[in-house]
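In: What follows is a predicted protein model with its sequence.
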Amino acid sequence: MDHKKQAEQILEAIGGKENLNAATHCVTRLRLALNDEGIVDDEKLNQIDAVKGSFSTNGQFQIVVGQGTVDKVYKELVALAGIGESSKEDVKEASKSKMNPLQRGIKTLADIFIPILPAIVTAGLLLGINNILTAQGIFWDEQSVIDVYPQWADIANMIIIIANTAFTFLPGLIGWSAVKKFGGSPILGIVIGLILVHPELLNAWDYGNAVEEGRVPTWNLFGWEIEKIGYQGQVLPVLVASYVLTKIELFMRKRTPDSIQLLVIGPVALLVTGFLTFMFIGPVTFAIGNFITDGLVSVFDSFAALGGLIYGGLYGVLVITGMHHTFLAVDIQLIGSTGTTFLWPMLALSNIAQGSAAFAIMLASKDEKLKGLGLSSGISAYLGITEPALFGVNLRFKYPFIIAISSSAIAGLYISARGVLANSIGVGGVPGIFSIVSDYWFDFTIGMVIVLVVPLVVTYLYAKRKRDV
């Protein structure tokens with residue numbers, strides 16, 4: 001592939017170098033800040049060999065190029081446009097003016113949680129391995145692998161310690177990412193997060209039992225009783241604490257001489273934020289988080305099938321808007337509060353449905369480029385990354401997307417009615433079964449069969465009838 005030629009064609013299709021404000025790239029996509037997205041020639045853009053799809057989100061125009069090619073095309077593109085290479089932060093800043101408050105809020109959550117996702121995904125996969133070793137009834141009735149082979153018990157125990165670390169110290173991860181996003185010192189973010197899970201505090205997972213038994217420890221500050229509890233698995237307390245910490249740090253940094261900043265800013269910022277968190281931020285946000293969790297659980301307890309139908313069908317739409325990132329925080333909150341989540345299984349099935357629809361277009365098409373795009377994007381969706389399938393294939397022809405979300409809705413209805421739960425969040429798509437509580441593997445497999453077969457068959461037959469691929 002002539003990467004310079006591809007870059008020339010892309011630059012022409014997006015309206016020339018005058019329309020390009022800033023550009024960066026991720027693993028598979030060019031991420032562009034355009035002055036006017038309305039003048040982009042989508043038809044011409046999609047005819048370019050290197051382009052596998054395009055979409056606009058959070059004020060950025062993103063072009064799917066593919067792993068291994070995107071960096072080469074990017075270098076040629078910025079050279080032709082004469083703008084120089086930009087960081088992701090530069091492009092985000094250039095795109096910010098085009099975003100409404102809701103989009104900015106969603107983007108902030110995404111910027112906080114996406115950097116810690118590799119740790120969460122790794123933990124989820126390792127918990128899946130632990131499930132295979134410790135769950136009863138998978139290979140033998142009423143027995144697990146470690147029951148039959150006790151020599152594996154300590155290996156399973158080591159795996160669970162390695163896997164659980166990311167969830168046990170989750171506030172430390174969130175604190176690091178949140179403070180970094182807000183513009184403060186990430187190391188202070190780690191510390192404030194770890195403060196909230198200090199071993200001296202009552203573990204949040206034991207809080208309910210401690211309340212019933214009347215053994216919640218407290219601090220007595222001049223007659224004011226403050227509960228001495230930790231915030232394991234909680235999202236809101238550390239998010240708000242990180243924001244407050246950053247504001248205090250930045251305020252002091254502007255007003256403190258450089259010579260004593262190291263001695264003053266960190267201690268004061270952590271001390272003030274810590275007191276505020278234990279006195280006000282923690283109790284209030286802990287109550288709000290539990291209210292949200294209890295509300296979701298009660299809704300799905302009362303209307304499980306309807307909830308599964310709606311969420312299973314809408315998840316693909318949420319990905320288009322970028323709002324799916326907000327539910328990552330909800331999944332983490334559910335796991336932190338209840339030990340399981342009923343949302344992640346539907347996410348995994350939605351990914352598979354989009355992949356199956358893309359595979360159907362591959363099978364039905366006579367166009368070699370479209371066949372290759374359907375194959376690569378279908379595999380990607382089966383492994384949990386749906387954007388290439390969504391924007392490169394399914395939304396391009398519309399009916400594959402509609403068939404995929406309809407199939408996902410049906411599968412979501414079924415698994416929700418059966419009460420399928422995940423005890424971690426890992427890789428979406430086919431590997432998602434390792435995150436599922438082993439008691440529900442059979443029902444989740446039926447859901448997988450629905451989203452593997454229905455979108456593939458129905459999309460293929462419709463494409464053959466319509467003859468537009």
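Out: That came through, no problem.
In: per-residue pLDDT, residue 162?
Out: We have a pLDDT of 90 for residue 162.
In: Cross-check the contact I'm expecting between it and residue 125.
Out: No - the pair residue 162 and residue 125 fails to qualify as a contact (Cβ atoms under 8 Å) at a distance of 11.0 Å. Heads up, the C-betas are built off the backbone N, CA and C, glycines and all.
In: Looking at those two now, which is surrounded by more residues?
Out: A direct count of neighbours by other Cβ atoms under 10 Å for residue 162 and residue 125 places residue 125 higher, at 18 against 15.
In: surely that one meets residue 425?
Out: No - Residue 125 is not in contact with residue 425 according to Cβ under 8 Å; the separation is 10.2 Å.
In: Now do the helices in the stretch 201-350 of the chain.
Out: Along the stretch 201-350 of the chain, counting by DSSP state H, counting those that start in this stretch, helices occupy 207-213, 236-255, 261-276, 282-302, 304-321, 324-338, 344-364.
In: Who are the packing partners of the fourth one?
Out: Packed against helix 282-302 by the contact rule (3 or more Cβ pairs under 8 Å, 6 or more residues apart in numbering; DSSP states H and E) you find helix 236-255, helix 304-321, helix 324-338.
In: Just tell me which of these ends up closest to residue 207.
Out: Proximity of these to residue 207 was assessed by Cβ to Cβ; the nearest stretch is helix 324-338, lying at 9.9 Å.
In: And that closest one, how far out from the chain middle?
Out: Distance, stretch centre to chain centre, for helix 324-338: 10 Å (Cα atoms, centre = their mean, to the nearest Å).
In: elements contacting it?
Out: helix 101-113, helix 282-302, helix 304-321, helix 344-364.
In: Any chance of a markdown table for these, columns distance to residue 450?
Out: Shown next, in a markdown table, are these (distance: least, Cβ to Cβ, whole Å):
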| stretch | distance to residue 450 |
| --- | --- |
| helix 101-113 | 29 |
| helix 282-302 | 19 |
| helix 304-321 | 10 |
| helix 344-364 | 8 |
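In: ranking those by mean pLDDT, which is last?
Out: helix 101-113 (a mean of 78).
In: could you check the angle helix 344-364 makes with the following helix or strand past that helix?
Out: Scanning forward in sequence from helix 101-113 by DSSP states H and E, the next helix or strand is helix 117-134. Computed by axes from the mean of the first three to the mean of the last three Cα atoms, to 10 degrees, the angle separating helix 117-134 from helix 344-364 equals 100 degrees.
In: helices and strands around helix 117-134, which ones?
Out: By 3+ Cβ pairs under 8 Å, 6+ apart, helix 117-134 packs against helix 145-148, helix 153-168.
In: and for residue 125 and residue 425, which residues touch both?
Out: Any residue near both residue 125 and residue 425 by Cβ atoms under 8 Å, 6 or more residues apart in numbering counts here, and that gives residue 435.
In: List the buried residues in stretch 49-62.
Out: 50-62 (16 or more other Cβ atoms under 10 Å).
In: Now find how far off-centre it is within its chain.
Out: Distance of stretch 49-62 from the chain centroid (Cα atoms, centre = their mean) equals 19 Å.
In: Now do the end-to-end distance for that stretch.
Out: One end of stretch 49-62 to the other measures 16 Å (Cα to Cα, to the nearest Å).
In: same check, this time on stretch 59-73
Out: Taking Cα to Cα, stretch 59-73 runs 22 Å from one end to the other.
In: Quick check: buried residues in that stretch?
Out: 59, 60, 61, 62, 63, 64, 65, 66, 69, 70, 72, 73.
In: Unless I'm misreading it, the second one sits right up against residue 33, doesn't it?
Out: Read that as residue 60. Yes - at 6.3 Å, residue 60 counts as touching residue 33 under the criterion of Cβ under 8 Å.
In: What confidence value was assigned to residue 14?
Out: 90.
In: Now do the same contact list for the spatially closest residue to it that is not a sequence neighbour.
Out: In space, and not counting its chain neighbours, residue 14 is closest to residue 40: 5.1 Å by Cβ to Cβ, 6 or more residues apart in numbering. Residue 40 makes contact with 13, 14, 15, 19, 34, 54, 61 under the criterion Cβ under 8 Å, 6+ apart.
In: Tell me which two in the residues you listed are the farthest apart.
Out: For the contacts of residue 40, the farthest-apart pair by Cβ to Cβ is 19 and 54; their separation is 14.1 Å.
In: remind me which residues of this structure are low pLDDT?
Out: Within the chain, the stretches with pLDDT under 70 are 27, 58, 67, 85-99, 426.
In: Could you point out the longest helix of it?
Out: Ranked by residue count, the top helix of the chain under DSSP state H comes out as helix 441-466.
In: elements contacting that helix?
Out: Short answer (3+ Cβ pairs under 8 Å, 6+ apart): helix 441-466 packs on helix 344-364, helix 399-417.
In: Which SSE is immediately downstream of the first one?
Out: Yep, that's helix 344-364 we're talking about. As assigned by DSSP H and E, the chain's next helix or strand after helix 344-364 is helix 368-382.
In: okay, now residue 331: neighbour count?
Out: Residues lying near residue 331 (other Cβ under 10 Å) number 20.
In: Sorry, slip of the keys, the one I care about is residue 148.
Out: Using other Cβ under 10 Å, residue 148 has 10 neighbouring residues.
In: What of residue 259?
Out: Counted with other Cβ under 10 Å, the neighbours of residue 259 add up to 8.
In: same check, this time on residue 261
Out: Residue 261: 13 neighbours (other Cβ under 10 Å).
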